[in-house]
Each structure stands twice: as structure tokens, then as C-alpha cells.
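[1] Sharing a model prediction with you, sequence too.
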Amino acid sequence: MRLADVAERLGATLDCPEQGDRPVLGVAPLETATATDISFLANPRYTALLQSTEAAAVFVRPDFQGEARCPLLRVPHPYLAFAKCIEWFYPQPKPAAKIHPTAILGTDVVLGAEVTIGAYTVIGDRVRIGDRTVIDSHCTLYDDVVVGADCRIYSHCALRERVRLGDRVILQNSVVLGSDGFGYVPLPDGRHYKIPQVGTVVIGNDVEIGAGTTIDRATLGETTIAQGTKIDNLTMVAHNCAIGENSILCAQVGLAGSTRIGNQVVLAGQVGVAGHLTIGDRTVVSAKSGISSSVPPDSRMGGIPAMDQALYLKASAALRQLPQLLKRVRKLEAKVGE
Amino acid sequence: MRLADVAERLGATLDCPEQGDRPVLGVAPLETATATDISFLANPRYTALLQSTEAAAVFVRPDFQGEARCPLLRVPHPYLAFAKCIEWFYPQPKPAAKIHPTAILGTDVVLGAEVTIGAYTVIGDRVRIGDRTVIDSHCTLYDDVVVGADCRIYSHCALRERVRLGDRVILQNSVVLGSDGFGYVPLPDGRHYKIPQVGTVVIGNDVEIGAGTTIDRATLGETTIAQGTKIDNLTMVAHNCAIGENSILCAQVGLAGSTRIGNQVVLAGQVGVAGHLTIGDRTVVSAKSGISSSVPPDSRMGGIPAMDQALYLKASAALRQLPQLLKRVRKLEAKVGE
Amino acid sequence: MRLADVAERLGATLDCPEQGDRPVLGVAPLETATATDISFLANPRYTALLQSTEAAAVFVRPDFQGEARCPLLRVPHPYLAFAKCIEWFYPQPKPAAKIHPTAILGTDVVLGAEVTIGAYTVIGDRVRIGDRTVIDSHCTLYDDVVVGADCRIYSHCALRERVRLGDRVILQNSVVLGSDGFGYVPLPDGRHYKIPQVGTVVIGNDVEIGAGTTIDRATLGETTIAQGTKIDNLTMVAHNCAIGENSILCAQVGLAGSTRIGNQVVLAGQVGVAGHLTIGDRTVVSAKSGISSSVPPDSRMGGIPAMDQALYLKASAALRQLPQLLKRVRKLEAKVGE
């Protein structure tokens, strides 16, 4: 592709049109881009790199003012332009639509058009799979699972009884959906009596779930992940949780049972949320925090137990001064005691 | 089932016997129950919901005093009654006892009566499996594994060499039992020399282990989980740990090597316990805490590093006042300095 | 083996040569060793056990001075001697080199000499596997994966497109290498646009990776783990991270994207490291800490957010006194106010 082609496809303005014939073969960050790579500047922190980058051209915002040693491509959303270039320059091979002869299909399975099922994958009875969905090797879909259209399910995923996925859902490898919730009745003699977990898990459109993540089925009813939400690796969503739309759960987050997460919430890595809470829309929780009570919309939270993020930052900074503070108070006491 | 039948099966007292013919078709929480659902009140916090619930009837304790808009079923353990109703109203289909033709069995495998083995499951040499145990698809049981009777092993579990399970053990999907412990000899040149992990893992009766959890084999000897203990998803139990009876390990807990956990201990979500410690019976550790020294029986612990839970709650509350405290001490110093 | 044979093979000095004919049949810790077991003393803390151990002999350092009730074997590295004895006395059976008839191999696969591939394992097109490597059942190697010589890959591992392993790499069960990085462009309407993750993962020689661990592929380029590094179970390494040589990542550690970890770094259990940071060589981070900024070589860090370990220990101790401190300051204020 030539630079002018890239500009045209993205509606970008090339600020030195005479360079339009320059070839573009790849995509790279500013630091490592070579003369045939395209790059981008989204974060002003990296503006200085425009002086040194070898890139063929760099996406910048329309109102960008700085200097650069290469042509600039002005677009409203440079980072999005960059993502689209990755799609074009590194197209992912789509497996040929076919059912591998070793795949095992139960009775009354309904497959859409152009479905791909990998080697040794096991599909239970009455499972329905939408058009163009690709399921890799070694997956198990239990009875009555429903998978929408254009989904991508990587190897070793387990979808338990009656789990339902919307369209364009991506499951990375080894995801478990619909394992039993962790529910027991404590008996007087110390034993724990298992409460049957007879609900299921329902995943909305455009959800992506990271490798090794587990989402437990509801005791009764449904554990739900609404459309557009993205969940990173090794995350735990307990039974009867409900996660809103377009939220982000980073790696190793853990939600206890029956917690409700709003829309566009961001839970950073290793955050834990106690059970039966409500986290309001657009709330952002910083990494490793522990949420122990419900939180209104638009909150910024941090710490264990979590507090307002601004207070948390001050308290964390103050904690470093605490050993000194003890000494200072001791001195004061000595003086005042006098 | 009629209300009178439910009462009779559970030995419950129905406080308005004239309603005994009312049909019961399902089970639901107080808030979402419909006119044919049975519900329960175990936590007094939800007593007010008895005024608004649509439920056909509600299980309460024998001495319950409040008002309700529906019949009450008095039983010693309402929550247990609820769990049993879930069993009756939503019976889980048991797979027909058969060995799937694609299952691979090694030499000298001993299968009990009515064993079920799913598609593509691989059973090593000299494995023994007890009566009525159900193993789903895509499991690997390495050589010399022993599984008791009435166990339920969901898909994608790996049971490494010589791992032994008792009876009625439940493994959710993707559990790994008997992976090598994390043990190395640090060499003077900075490299790490692997110590062979030649022990195994032994799991007692009635243990349940959550999806994606990993339990490492002992270096020498056994990593043990005693009967009745329940372990949630994505938990890590390191080599040579010994966990007592009827303990609860919530999701994403991590135990370092050679740690001993007593009976009826509760470790809440994301707790970490350092190696070579002893946690006494009935100890409860609050979520996200880090235990760095041994703890006597009946302790209540919280924080990182963990302290007594009551002190932890006070210290956490005080931490929020720390930024202000610094200012107050500065003021005091100024005054006293005068 | 006789005691004299063990001494000879390890270059150890047996301090009572007349006991050289004593038989050794096994290896055990000091507390549990029987009369035919060999044991070791590496940590002076356990010196007293030499008075009570039943062991046939104990490895000690050449300059060890204490008393013992059994023969001593003096070697420069007692712990290493112990590890080697475990190898000798408990040799792990190596599977016979064969490709199981149910293994599926793609086109243009190149297998070295004496490769073992287990039942139902699926190998993609153009995969290359080095000499004597053993791959267990239920693994999926996607297209263009490269595995070195003498590797050991346990069941249920997924190696995604183009992942490359060096020689003598060990993957415990259910490891995922090369899952998509967690990268999205936030759109103005709140949705998240997936950035294709077209890089890969490259693992150096002698790396071991624990059960259930996930290592994401780079967006562009490579996520790298350099030689000799050991990673424990359920750990998360995000896209574009680079981990140096001979480092140790304990269980449930999480690294956010593009972070660089030096050589011989130790991250204890459940540590989290934010993205785009650099952790200097030989740094040690204590369990459960959260690293939020880059750290120079040879640092000792602890806490959330992490600070110098010595300060962290003082601050943690001081935190327990904080509730009392608040009262003391209130008293001072009352006095000084007077």
C-alpha cells in the first residue's frame, strides 16, 4: 500500500502530498518503526519521538502543532487509525469453514452457515452455533449451549450446560463459562452442604474474555456479562454477578457472588470486589484495590479497603511518613509532658 | 409438588394448613419469587421482604415472629431446606453410565460399576476409578491415579501421576492436581536447579475444587486436602501444603509451600499465606489479606501483613485520617516549638 | 546405593567412613527421614534436628561444626546434593518416544529424533519440534509454533500461532502461551475497538512455566521470557512484557503490558506490576506488593504501592499503632490547646 492509499482509506490528511507514493509495508511503535512502517502519536508524552522516528509516516490529531522528521497523517483518532492499519497489514488467516472429522456433535445440534469446528471438539445435544463462528480444537460445549454468529472460541474452552453467548464474542484459550457457583449451607457439625447451582451464564454481543478466566453459573437465574465488556486473563466472576456494558475487567480481578458492576466501569488488575455490592457506572478502581461496600456512579476508588482515589493517594504517601510521625509524636509528648 | 408435600418431606410446619394444596413449581429468592416459587428467610436483614414477596411460601426458623403476606414453613434450618428444594425442583440430569468409544484406557485400569467416561478422555495405566464416578470429556488421568466412588470430574481436568481422590469429590472444569511444585536450588551463578517433585496430591472425601484451581504435588510425600474442604476457582495450593477438614478457600487464594491450614478455617477471596506457616482451626481471614506468620486457632485476621481483625478495622479506618493527622502534628509542633 | 557410593558420586566427604556400607534407599526431610533415607541441612535454623533425625546420613556444608546422631556428608552445596539424590532415588519414568496414533499433525510438520506426542494432541501446520521433546495429551500447538529440544509439555497446554520455545523448556499442565493481548482503542461512544494482536511469545532455554499460567502475545513484536527464568502457577504476563534471565515469578503474580523485568529478579506470590515499567536486575519484591513505578537494580520493595522494603516493614509495624496514635494526638491537642 502507498501512503496516499492509507490516507484515503482512513480519511486522513497527508501533510506532504508529494510523499504519497511512499510504500507502507507494516506498522510499528515510534521507537522501532522502520522506513516502511506507519506509526502513531496519541499520547503527547511521546511527541519528542517524532524527531527521531524512522517511520514512513505518523498518525497525529488534526490540530497537532509539533515538528516531525517524517510525513504526518492527520486523523481524528490516531490510535484507532493505527489499530485499523494493523488489521490491514497483518491480516489474521481465517480457518477454512469446516467441521473437523474428529469433532463430535450431539443430537439435534443446529449449525449456522460456514461454521468451523476444530479437532476433537465435543458439542453436546441441542447446541446451537451461529453463522461463521469458529471453535478451535479441544473445546467442550455441554448440552443446550447457544453460541451466536461470528464468535471466536480458542482451544480448551469449556461452556457448561445452557450457557448462552451473543454475537462476535471472543473467548481466548481455556476459558470456563458456567462452572458451579461456590455455594454451601454451613451445617451445625461444621460440614458444608452443596447448594445445587442450576442457573447459567449469559454473555452479550462483542464481549471478549481472556485466557484462563472462569465465570460461574448462577445458583438460580443467570450470571450476566452485558455487551461490549472486555475481561482479561485469569479473572474470576462468581455466581449471580451482573456486569454492565462496555466495562473493563483487567487480569486477575475477582468478583464475589451477586455483585453488580455498572456500565463503562474499569477494574484494574488484581482488584477484588466483595459480594452483593453495586459498583456504579463509569467507576474506575485502581489496581489491587479491595472494594468492600457499594460505590456510586463516576467514583474513583483505591486501596484496601477502597476509599476515594484522591484520599487513597494522600493516605499512601502519608503512610511512608508514619514511622517518622510516631517519633515526632513521642517527642511532642515528652515536651508537652514537661 | 404441593406445599403440604414440601412441608412433609422437610418436616416443616406450615402455619396455614388450609394452603397446603397450593402448587409449588420452583425455587427463588424473596425478591424474584413468583406465586409458584418457594423461598427462604435465613438472614433477619431481609425480614421486610416478607411483606412484599410474591412467593408461594417462605421457609423461616421455628421461632420466627414477624408478619408475612404468604404462608410460612417453619424449619430448624431454612437455608438447608431451600437447598434441598433446589435439588428436588431442578434435578440435574445424570449422564448415562458408559465409556465413550473415544476414551482411551491404559493397561490394568480398574473401573467400578456404572462409571461414565466422556469423549476423548485419556486414562493412564493402572488407574482405578470407583463406582458411579462421572468423568467428562477432555480429561487426562496420568498413570496410577486413584479416584473414589461417586466423584464428578468436569471437562479439561488434569490429574497427574499417582494423585488420589476420595469419594464424592467434585472437580470443576480445568482443575490441575499434581503439577510439579515450584522448587529450585539457587546456584552460585544465578541459575536455578530444578528439584524433582516426586511426591503427590491426596484429596479427601467430599472435597470440591473450583474451576482452574491448581494444586501442586509434594516434593517428597503428599500435598493433602482433608475431607469436606471446599476450594473455589483459580486458587493455588503449593507443594507440601496440608489443608484440614471442612475448610473454605475462596477464589484466587494462594498458599505458599509447606503451609498447614487447620479444620474449619475460612480464607476469603485473594488471601495469600506465606510458606511453612500453621493456621489454627476455625481461623477466619478477611479478603485480600496476607498472612506472614503462624496464627493460633480461632483467630480473626485481616490486612497485609495480617493482624487481628479488630485492630485491622481500626487501623484501616485510621489510615483515612492519616493525611489530616500529619497536618495536625505539624500544627502541634509549631505551637509547642513556640 | 551405599552411603559411600552417594559420597563418591557427589564428591562428598563422609565423616565416618566405617559407615560407608550403610544402605540408602530414599530421601527425606530431617523430621521424617527413616534409617535408610538421606537428608540435608542447608538452613542453620534446623541444626537442632540433627540430634533427633533418624536419617542414614545428612548433607552439611564442609565447615559445619555441630553434633549429629548420624553420619555427615560434607559437600559445598548440601541442598543441591539433596536435589540430585532425589533424581537418583526417584527416577521419573520417561515415556517411550512415540507419536500416539490419535495425535493429529498438520502439513509440513518437522519432528526431531525421539519425539513423544500424546493422545489427542493437535499439531498445526509447519510446526517444528526438537529432539527428545515430550508433549502430553490434549495439547494444541497452533500453526508455525517452534519447540526446541528436550522440552516437556504437560497436558492441556495451548501454544498459539508462531510461539517459539527454546530447549529444555518445561510447561506444566494447562499453560496458555500466545493468547491475545488485552488491547483496545476506547471509542467516543464508550465501546472498545479491539487492536489485533499480531505479535507472538518467545521463551528462552531452561524456562519453566507453572500450571494455568497465561502469557499473552505482543501486539506487534514479541513478549519474551529469557533463559533460566521460572514462573509459578496462575501467573499472568501481559502483552509486550520482557522478562530477563534467571528470574523467579511466584504464583499468581500479574504483570501489566510492556513491563520489563531484569535478570535474577524475584517477584513473590501475588505481586502486581503496572504497565510500561522497568524493574532492575536482582530486585526482590515481597509477596502481595504492587509496583507502580520503575525500580533500579538491587532494590528490595514491599507494600501497595511498593516502597523500599525496610521502610515498608517499619510503616507496617507503625500502622498497628495508628489507632492509638490518633488518640495520643487528640490528647496532645487538648493539652496544647489549653
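    Yep, that arrived. Numbering: from 1, shown residues only, chains lettered A, B, ... in the order given.
[2] got the angle between the longest helix belonging to chain A and helix B:309-319?
    Ranked by residue count under DSSP state H, the longest helix found in chain A is helix A:309-337. Helix A:309-337 and helix B:309-319 are oriented at 100 degrees to each other (axes from the mean of the first three to the mean of the last three Cα atoms, to 10 degrees).
[3] May I see the buried residues of helix A:309-337?
    The neighbour-count check on helix A:309-337 (16 or more other Cβ atoms under 10 Å in any protein chain shown) flags A:309, A:311-316, A:318-323, A:325-326, A:329, A:332-333, A:336 as buried. C-betas here are computed from N, CA, C, even on glycine.
[4] Which secondary structure state does A:Thr107 sit in?
    coil (DSSP: H, G, I helix; E, B strand; the rest coil).
[5] Now do it against C:Lys327, distance only.
    Distance of A:Thr107 to C:Lys327, given as Cβ to Cβ, to the nearest Å: 72 Å.
[6] before we move on, what about A:His100?
    Between A:His100 and C:Lys327 the computed distance is 71 Å (Cβ to Cβ).
[7] cool, A:Gly112 as well?
    A:Gly112 is 69 Å from C:Lys327, by Cβ to Cβ.
[8] cool, and A:Leu14?
    From A:Leu14 to C:Lys327 the distance is 68 Å (Cβ to Cβ).
[9] With A:Gly257 instead?
    In terms of Cβ to Cβ, A:Gly257 sits 38 Å off from C:Lys327.
[10] ok, now which ones touch the residue lying closest to A:Glu114 once chain neighbours are set aside?
    Spatial nearest neighbour of A:Glu114, excluding adjacent residues (Cβ to Cβ, 6 or more residues apart in numbering or on different chains): A:Ala97 at 3.9 Å. Neighbour list for A:Ala97: A:Glu114, A:Val115, A:Thr116, A:Arg132 [criterion: Cβ atoms under 8 Å, 6 or more residues apart in numbering or on different chains].
[11] rerun that using 7 Å as the cut-off
    Contact analysis of A:Ala97 by Cβ atoms under 7 Å, 6 or more residues apart in numbering or on different chains lists A:Glu114, A:Val115, A:Thr116.
[12] Repeat that for A:Leu30.
    With Cβ under 7 Å, 6+ apart, A:Leu30 has these contacts: A:Ser39, A:Leu41, A:Tyr46, A:Leu49, A:Thr53, A:Ala55, A:Val58.
[13] could you check whether the longest helix of chain A is close to chain B?
    Yes. Applying Cβ under 7 Å from any Cβ of the partner chain, one finds helix A:309-337 in contact with chain B at A:311, A:314-315, A:318-319, A:321-322, A:325, A:328-329, A:332, A:335-336.
[14] which parts of the stretch 101-250 of chain A sit against chain B?
    So the stretch 101-250 of chain A meets chain B at A:104, A:120, A:122, A:138, A:140, A:156, A:158, A:174, A:176, A:179-180, A:182, A:184-185, A:190-196, A:198, A:212, A:214, A:216, A:220, A:234, A:236, A:238 (Cβ under 7 Å from any Cβ).
[15] Out of these, name the ones that lie in strands.
    A:104, A:122, A:140, A:158, A:176, A:179, A:184-185, A:192-194, A:214, A:216, A:236 (DSSP state E).
[16] which of the residues you listed count as buried?
    A:104, A:122, A:140, A:158, A:176, A:179, A:184-185, A:192, A:194, A:214, A:216, A:236.
[17] now those in CSV, with pLDDT and distance to chain C?
    Formatted as CSV, those follow (pLDDT from 0 to 100; distance: Cβ to the nearest Cβ, whole Å):
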residue, pLDDT, distance to chain C
A:Ile104, 98, 12
A:Val122, 98, 11
A:Thr140, 98, 11
A:Ala158, 98, 11
A:Val176, 98, 11
A:Ser179, 98, 14
A:Tyr184, 98, 23
A:Val185, 97, 29
A:His192, 98, 24
A:Lys194, 98, 24
A:Thr214, 98, 10
A:Asp216, 98, 17
A:Met236, 98, 11
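[18] And those, which two are furthest apart?
    A:Ile104 and A:Val185 (37.1 Å; Cβ to Cβ).
[19] Okay, now the unreliable bits of chain A?
    Scanning chain A with the threshold set as pLDDT under 70 gives A:338.
[20] quick one, domains of it?
    A:3-89, A:157-309 (automatic domain parsing).
[21] Show me the subset of the buried residues of helix A:309-337 that also lies near chain C.
    Near chain C, judged by Cβ under 7 Å from any Cβ, the entries from the buried residues of helix A:309-337 are A:Ser316, A:Leu319, A:Arg320, A:Leu322, A:Pro323, A:Leu326, A:Val329, A:Leu332, A:Glu333, A:Val336.
[22] List just the nearest of those residues to C:Leu249.
    Of these, the one sitting nearest to C:Leu249 (Cβ to Cβ) turns out to be A:Ser316, at 24.5 Å.
[23] Which one of the contacts of A:Leu30 is nearest to A:Pro23?
    A:Ala55 (12.7 Å).
[24] Burial check on the closest one, number of neighbours?
    29 (other Cβ atoms under 10 Å in any protein chain shown).
[25] So which residues of chain A form helices?
    A:3-10, A:78-89, A:309-337.
[26] what about the second one, near chain C?
    Yes. For a cut-off given as Cβ under 7 Å from any Cβ, helix A:78-89 has contacts with chain C, namely A:Tyr79, A:Leu80, A:Ala83, A:Ile86, A:Glu87.
[27] quick revisit: quick one: buried ones out of the contacts of A:Ala97?
    By 16+ other Cβ under 10 Å, the contacts of A:Ala97 give A:Val115, A:Thr116 as buried.
[28] out of the contacts of A:Ala97, which are inside strands?
    Those of these lying in strands (DSSP E): A:Thr116.
[29] how about JSON lines for the contacts of A:Ala97, with distance to C:Arg152 added?
    Shown next, in JSON lines, are the contacts of A:Ala97 (distance: Cβ to Cβ, whole Å):
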{"residue": "A:Glu114", "distance to C:Arg152": "38"}
{"residue": "A:Val115", "distance to C:Arg152": "35"}
{"residue": "A:Thr116", "distance to C:Arg152": "31"}
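[30] Now flag whichever of the contacts of A:Ala97 is closest to chain C.
    Within the contacts of A:Ala97, the smallest distance to chain C is 13.9 Å, found for A:Thr116 (Cβ to the nearest Cβ).
[31] before we move on, the earlier item: who wins for most neighbours among the contacts of A:Leu30?
    A:Ala55 leads the contacts of A:Leu30 on contacts (other Cβ under 10 Å) with 29 neighbours.
[32] Quick check: residues of the stretch 201-338 of chain A near chain C?
    Close to chain C, as judged by Cβ under 7 Å from any Cβ, the stretch 201-338 of chain A has residues A:208, A:210-212, A:228, A:230, A:232-234, A:246, A:251-252, A:264, A:269-270, A:287-288, A:316, A:319-320, A:322-323, A:326, A:329, A:332-333, A:336.
[33] Please repeat the previous calculation with a cut-off of 6 Å.
    A:211-212, A:228, A:230, A:232-234, A:246, A:251-252, A:264, A:269-270, A:287-288, A:316, A:319-320, A:322-323, A:326, A:329, A:332, A:336 (Cβ under 6 Å from any Cβ of the partner chain).
[34] Could you measure from A:Leu14 over to A:Phe89?
    17 Å.
[35] A:Gly272: what's it in contact with?
    Neighbour list for A:Gly272: A:Gly254, A:Gly290, B:Gly269, B:Gln270, B:Ala287, B:Lys288 [criterion: Cβ atoms under 6 Å, 6 or more residues apart in numbering or on different chains].
[36] roughly how far apart are the first one and A:Lys288?
    Between A:Gly254 and A:Lys288 the distance, using Cβ to Cβ, works out to 11 Å.
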